[in-house]
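S.K.: Let me see the structure of the following:
(one chain, ligands or ions: 2)
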Amino acid sequence: MNDKYYVGYATVHKLVRTLADRLVASGYNPDVIVAIGSGGFIPARIVKTYINRPIYAVGISYYGIDQTHLDHPQKIQWIDEAQQHLRGKKVLLIDEVDDTRATLSYCVRELLSHEPEEIAVLVLHNKLKEKDDQFPPEITRYFAGLDIPDVWIKYPWDAIDIDEHEHCERKMLKGNTI
Ligand code: G4P
Ligand code: MG
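M.R.: Ligands and ions are numbered 1, 2, ... in the order given. Next comes the predicted model:
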């Protein structure tokens, strides 16, 4: 496999559709979606196409202004009146990638402090690697669109030239080197 893994918009959309089907088949019926920005925003919006629920946005940063790692992830944006929105609710937490799991686990713990009934985690991609943090035992539902090796994923929303990006994805899927 190449060291970069290209993912186009249509691929994202189809992954989300499969994930939404699995979510529905599992019987989990969330009341609200919480999207972790910024990578989780577009996937969350597509999930809303299949399961129409309100989306709340949160922002968590693991980096300081000088782009070095902070000791732990920190909130940079959080849900206003979070308790009112989350207490007793079934939450679907969405991000684009489960990498080190540090940000996701931090976010789960913060959300749990608002006493939701349940939290399920949904990501487009899960990197198969040793994780820096683990989900608390309350998390029993986890949906990953695709398990992939520890390579850098190129998402379409980061592309400067989307035509070039889609071209790279097609070449990669055909098995050619990039
Ligand atoms: P995790 O809990 O979701 O595993 O997050 P972790 O703290 O390990 O990730 C730190 C940042 O690195 C996250 O972005 C995450 O989206 C990004 N990231 C990790 N692996 C990849 C990858 O393969 N491709 C891309 N494009 N991004 C990756 P963030 O700091 O939350 O910022 P944002 O980009 O979501 O705004
Ligand atoms: Mg992210």
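
S.K.: Which parts of this protein are strands?
M.R.: For the chain, applying DSSP state E gives strands covering 4-6, 32-37, 55-63, 69-77, 90-98, 118-127, 141-148, 152-154.

S.K.: Report the angle between the second one and strand 69-77.
M.R.: Right, strand 32-37. 130 degrees (axes from the mean of the first three to the mean of the last three CA atoms, to 10 degrees).

S.K.: quick check: angle from strand 32-37 to strand 55-63?
M.R.: Angle, strand 32-37 to strand 55-63, by the same axes, to 10 degrees: 30 degrees.

S.K.: how far away is the closest residue to I33 other than its chain neighbours from ligand 1?
M.R.: Distance criterion CB to CB, 6 or more residues apart in numbering; nearest residue to I33, sequence neighbours excluded, is I55 at 4.6 Å. (Glycine included, C-beta is placed from N, CA and C.) Using CB to the nearest ligand atom, to the nearest Å, I55 is found at 15 Å from ligand 1.

S.K.: Worst mean pLDDT among the strands of the chain?
M.R.: Comparing mean pLDDT across the strands of the chain, the lowest value falls on strand 69-77: a mean of 84.

S.K.: Can you tell me the strand partners of it and which way each runs?
M.R.: strand 55-63 (antiparallel) (DSSP bridges).

S.K.: quick one: buried residues of the strand it pairs with?
M.R.: Of the residues in strand 55-63, I55, Y56, A57, V58, G59, I60, Y62 count as buried by neighbour count, 16 or more other CB atoms under 10 Å.

S.K.: what's the burial count for the residue nearest to T100 when sequence neighbours are not counted?
M.R.: Distances taken as CB to CB, 6+ apart place D132 nearest to T100, at 4.2 Å, with adjacent residues excluded. Residues within reach of D132, counting by other CB atoms under 10 Å, total 12.

S.K.: didn't D132 look like it was pressed against D99?
M.R.: No: the criterion here is CB atoms under 8 Å, and D132 misses it with D99 at 9.0 Å.
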